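Enquirer: after the sequence you'll find the predicted model.
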Amino acid sequence: MKARLDREAIALRAAKELQDGWVVNLGVGIPTLAPKYIPEGKTIIFHTENGALGFGPPLSEGELEHKDYNLINAGAQFITPRPGMSFFDHATSFGMIRGGHLDVTILGAFQVSKRGDLANWTSPERTVQIIGGSMDLAAGAKRVIVTMEHTTKDDKPKILNKCTYPLTCKECVNLIVTDIAVIEVTKDGLLLKEVAPGWTVAEVQALTEAELLVASDFKEIEL
Amino acid sequence: MVPEKVCNSFAEAVADIPDGATVMVGGFTGPGGLPQNLILALRNQGARKLTIIANSTWGAGKAREYIDVSILAENRQIKKAIVSVMADPNPLRSTAFEVQYRAGETEMELVPQGTLAERIRAGGFGIGGFYTSTGVGTPVEKEKEKKMINGKEYILELPLTADYALIRAYKADRMGNLIYRGTARNFNPVMAPAARITIAEVDEIVEPGRLAPEVIVTPGIFVKRIVKISQEGK
């Protein structure tokens, strides 16, 4: 078995996509790891569904003595205040999302299709039903980046011709960052831009149901 | 003359909620902005066959030592829930509502969170519905009117109103004007206008004039009852 990127490395690679001054919403799971990998000199304005903008990084394990239940994000992490932050109600918060005021959202996924359909809220096996803010974020943000493991636990592809799970949003994903590849969703299909160190195009394709085109500037993922 | 809005107890504040009422409950994840005392009073009051409109049916609260809507489910007071989250995110824990729903004892309508907030906003402000692209191409669009607007596909979502709203704020004045703390604002100001009777639990009640008019988030006309949380309260 070849080495795959761990969750931290996936988050690090996704964080490289964030541009200075962007308004960014992070979903639960791998995306919550991204803030610590924002390159120095870039200012990112973080948004959370429950009504805050421009807050600082979440408290670490060692800082929990400062926790304040009136300062949390949608992932139930305790956030830190920062000059210039603002609070607002849920309708305003989702108005920001629906109105296209978010530059990017980074979300987890169960499945992504070749045309960028996203399935990340339920599966036929799960009785758990959590839509939360996922459908609004996927439909409303200017860009959607998905971070996920490339395959299921039993090595079945998660990047498919057509999602088999109920959709969160159709044709919304722009970029997929996995533990073995970086793939852009284009009008012509899925464009393989980067692979994890040591992996070949054929090896990534073998674990991907949808056909991959190879980018002209194809390269190894740089961390 | 403004009618007296301050109630002496949580029990008094929720005493008239009848069986079959539709009740909105503010709050999000964790105890911030969650009207814990009013939820507890409603549990003790015992009204049944309630329709609950809230972000979540919750259930994680118990483990984390705060009170949430799940105590109403445990007491079998909920007939229907309109929420964006039905489940504890931890798949190993089943919430009371989840168990009842799976057994066919309760109904549920699962709504995307932003659509839920906007439906409540629409309900409070007399809007007959709105078109949104959230949910297009997903199970949420089922049986909903679709419309192309400027080349984009939308679905029609209808307003939500309630008989009662239980909300949590930081400070109130006797007129019912409310301010909030941090992210504890969440659904609370959205729900306040959407219910016939909105009841707010607050840390402090002050005389009119003590809260600057410019910082009022929820104007007092949306709030019918106010209860102060005691020092020992949550």
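Expert: Looks like it arrived, so ask away. Residues are numbered from 1 along each chain as shown, chains lettered A, B, ... in the order given.

Enquirer: the residue in chain A positioned nearest to chain B: what's it in contact with?
Expert: For chain A and chain B, the shortest gap (Cβ to the nearest Cβ) falls at A:F94, measuring 3.0 Å. (Each C-beta comes from the backbone N, C-alpha and C, glycine too.) By Cβ atoms under 8 Å, 6 or more residues apart in numbering or on different chains, the residues touching A:F94 are A:E49, A:G133, A:D136, A:G140, B:Q113, B:G114, B:T115, B:A117, B:E118.

Enquirer: looking at chain A, which residue lies furthest from center?
Expert: No residue in chain A sits farther from the centre than A:E65, which is 29.2 Å out by Cα atoms, centre = their mean.

Enquirer: let's verify that one: helix, strand, or coil?
Expert: Here A:E65 is recorded as helix under DSSP: H, G, I helix; E, B strand; the rest coil.

Enquirer: same question, the one 5 residues further on
Expert: Secondary structure assignment for A:N70 (three-state DSSP): coil.

Enquirer: quick one, what contacts it?
Expert: B:G32, B:G33, B:R181, B:G182, B:T183, B:A184.

Enquirer: with B:L50 instead?
Expert: Applying Cβ under 8 Å, 6+ apart to B:L50 gives the contacts B:D19, B:G20, B:A21, B:T22, B:V23, B:L72, B:Q77, B:I78, B:K79, B:K80.

Enquirer: so which of the residues you listed belong to helices?
Expert: With DSSP state H as the criterion, helices contain B:L72 from among the contacts of B:L50.

Enquirer: how about chain B: which residue is closest to chain A?
Expert: B:G114 (3.0 Å).

Enquirer: what kind of secondary structure is that residue in?
Expert: helix.

Enquirer: in which helix or strand does the closest residue to it other than its chain neighbours reside?
Expert: Distances taken as Cβ to Cβ, 6 or more residues apart in numbering or on different chains place A:F94 nearest to B:G114, at 3.0 Å, with adjacent residues excluded. Per DSSP states H and E, A:F94 falls inside helix A:90-98.

Enquirer: so what's the gap between that helix and the chain middle?
Expert: Its chain's C-alpha centre and that of helix A:90-98 lie 19 Å apart, by Cα atoms, centre = their mean, to the nearest Å.

Enquirer: buried sites along that helix?
Expert: Neighbour-count burial for helix A:90-98 flags A:H90, A:A91, A:T92, A:S93, A:F94, A:G95, A:M96, A:I97, A:R98 (criterion: 16 or more other Cβ atoms under 10 Å in any protein chain shown).

Enquirer: for the third one, what are its contacts?
Expert: Neighbouring residues of A:T92 by Cβ under 8 Å, 6+ apart: A:G51.

Enquirer: let me see the confidence value for the residue nearest the centre of chain B.
Expert: Nearest to the mean C-alpha position of chain B, counting by Cα atoms, centre = their mean, stands B:V25 at 2.3 Å. Per-residue pLDDT puts B:V25 at 98.

Enquirer: any regions of chain B where pLDDT drops low?
Expert: Chain B contains residues with pLDDT under 70 at B:1, B:60-64, B:88-92, B:231-234.

Enquirer: in it, which residue sits furthest out from the middle?
Expert: B:G151 (34.8 Å).

Enquirer: let me see the contact set for that residue.
Expert: If you count contacts by Cβ under 8 Å, 6+ apart, B:G151 has none.

Enquirer: show me the strands in chain B, by range?
Expert: Using DSSP state E, the strands assigned to chain B run over residues B:22-25, B:50-53, B:78-83, B:85-86, B:107-110, B:130-132, B:146-149, B:152-157, B:162-173, B:178-179, B:195-206, B:225-228.

Enquirer: turn the ones you listed into a markdown table, including distance to A:D117.
Expert: Shown next, in a markdown table, are the strands of chain B (distance: least, Cβ to Cβ, whole Å):
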| stretch | distance to A:D117 |
| --- | --- |
| strand B:22-25 | 33 |
| strand B:50-53 | 30 |
| strand B:78-83 | 25 |
| strand B:85-86 | 22 |
| strand B:107-110 | 19 |
| strand B:130-132 | 18 |
| strand B:146-149 | 18 |
| strand B:152-157 | 14 |
| strand B:162-173 | 35 |
| strand B:178-179 | 42 |
| strand B:195-206 | 37 |
| strand B:225-228 | 47 |
